[in-house]
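> Build the 3D model from these lines:
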Amino acid sequence: MIISIAATQFVFLSLGILALNVLLAAGGYAPNVASKFPDLAVQLGRHGLWMFAIPIAWVALASLCERYGLPAVARVTGVLIAAGIFGVFTYAGSLFF
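As a prediction, the model looks like this:
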């Protein structure tokens with residue numbers, strides 16, 4: 001179960017970063033040109049790769065939770081993190097429209 005939740009988190013992150021970078025490129029974003037783009041979208045698009053540490057840390061903590069007999073805690077937090085990732089990237093993408 002940990003692997004499937006972690007894979008979902010990685011997929012949401014990958015697709016979110018890809019979608020934001022496509023929206024930024026389609027809008028003519030360039031790092032050295034002053035323009036009006038949503039700050040959240042720019043930050044997630046440029047520095048979103050650091051967010052891959054979140055699923056990695058969650059896998060480590062979920063493994064500890066399962067070892068100590070708390071698999072429900074690991075599953076609930078994993079699903080909440082995946083939903084949070086999806087929500088943040090959906091919100092950042094909606095700022096373009």
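> hey, let's count contacts and neighbours off CA atoms from now on
OK.
> From the contact counts, what lies against the helix or strand of the chain with the lowest mean pLDDT?
Ranked by mean pLDDT, DSSP states H and E, the weakest helix or strand in the chain is helix 39-47, scoring a mean of 87. Contact partners of helix 39-47 among helices and strands, from 3 or more C-alpha pairs under 8 Å, 6 or more residues apart in numbering; DSSP states H and E: helix 2-26, helix 71-94.
> If we go by neighbour counts, what in it is buried?
Residues Ala41, Val42, Leu44, Gly45 are the ones in helix 39-47 that count as buried (16 or more other C-alpha atoms under 10 Å).
> Mind listing residues that contact that helix?
For helix 39-47, contacts defined as C-alpha atoms under 8 Å, 6 or more residues apart in numbering pick out Ile17, Leu18, Leu20, Asn21, Leu24, Ala92, Gly93, Leu95.
> quick one: pLDDT of the fourth one?
Meaning Asn21. We have a pLDDT of 89 for Asn21.
> Near it, how many other residues are there?
Asn21 has 20 neighbours, counted by other C-alpha atoms under 10 Å.
> okay, Val33: pLDDT?
Reported pLDDT at Val33 in the predicted model: 69.
> Which helix or which strand is home to Ile56?
helix 53-67 (DSSP states H and E).
> What helices and strands are in contact with that helix?
Counting contacts by 3+ C-alpha pairs under 8 Å, 6+ apart, helix 53-67 is packed against helix 2-26, helix 71-94.
> Buried residues, it. List them.
For helix 53-67, using 16+ other C-alpha under 10 Å, the buried residues are Ile54, Pro55, Trp58, Val59, Ala62, Ser63, Cys65.
> Tell me who's in contact with the third one.
With contacts taken as C-alpha under 8 Å, 6+ apart, Trp58 has the following neighbours: Ala6, Gly78.
> can you tell me how far it sits from Gly27?
Distance from Trp58 to Gly27, counting by C-alpha to C-alpha, to the nearest Å: 34 Å.
> now swap in the first one and tell me
Between Ile54 and Gly27 the computed distance is 29 Å (C-alpha to C-alpha).
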